[in-house]
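K.L.:
here is my input, please return the structure:
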Amino acid sequence: MTPLEEQVTFAMIRAMKAHFRRTAPRLAELGLQLGQDMLLRLLWEKDGLSQSELIARLGVEPPTVTKAIGRLEKEGLVTRRRDPDDARVSRVHLTPRAKRLRDPVMQVWADMEARALAGLSEEERHTLRALSLRVRANLEAPDE
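P.N.:
Predicted coordinates:
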């Protein structure tokens, strides 16, 4: 059996935990928790996404998104409104306060990306992204 420290998946988990440890305090300075930044990023790309669309794009469980939206709503960063064409659908909209957070949050992401990929060539960065996407696809594939 391969020792834990030599397993690729263990290295990936440790890298993500290190990323979280560095990112969380920076986001906290902006009044955000980990994960809320990703939800906001999706809304900055397209305001008014439905909760179902956010769940699908984030790849998380519905209660996770519902809880995050509730917290963001409580903080005055988003509002939920019924879709005018389908009352069963709830759409999430950014408030002006959330729109002002865009640049600071994007700077946190840029800083973390630069730190995480420091010393890697463009080719290595491309390869790392492609391999990460393949690993994710493998893990998300249905069991046979």
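K.L.:
what is the mean pLDDT for stretch 112-119?
P.N.:
In this model, stretch 112-119 has a mean pLDDT of 96.
K.L.:
same check on stretch 20-40?
P.N.:
The model assigns stretch 20-40 a mean pLDDT of 96.
K.L.:
one more: stretch 47-62?
P.N.:
Mean predicted lDDT for stretch 47-62 stands at 94.
K.L.:
run the chain-centre distance for that stretch.
P.N.:
11 Å (C-alpha atoms, centre = their mean, to the nearest Å).
K.L.:
so what touches it?
P.N.:
Residues from elsewhere that reach stretch 47-62 (C-beta atoms under 8 Å, 6 or more residues apart in numbering): 38-39, 42-43, 64-66, 69, 80, 83, 89-94, 140. The C-beta positions use only the backbone N, C-alpha and C, and glycine is treated the same way.
K.L.:
quick one: end-to-end distance for that stretch.
P.N.:
Chord length of stretch 47-62, first to last residue, is 19 Å (C-alpha to C-alpha, to the nearest Å).
K.L.:
buried set for that stretch?
P.N.:
Buried residues in stretch 47-62, counting neighbours by 16 or more other C-beta atoms under 10 Å, are found at 49, 50, 51, 53, 54, 55, 57, 58.
K.L.:
cool, stretch 76-83 as well?
P.N.:
Result for stretch 76-83 [16+ other C-beta under 10 Å]: buried residues 77, 78.
K.L.:
identify the single longest helix in this structure, thanks.
P.N.:
In the chain, with assignment by DSSP state H, the single longest helix is helix 8-29.
K.L.:
right, and the helix or strand after it?
P.N.:
The first helix or strand that comes after helix 8-29 along the chain, using DSSP states H and E, is helix 36-45.
K.L.:
by contact count, what packs against that next one?
P.N.:
On a contact count with 3 or more C-beta pairs under 8 Å, 6 or more residues apart in numbering; DSSP states H and E, helix 36-45 meets helix 8-29, helix 51-58, helix 62-74, strand 86-94, helix 96-100, helix 102-116.
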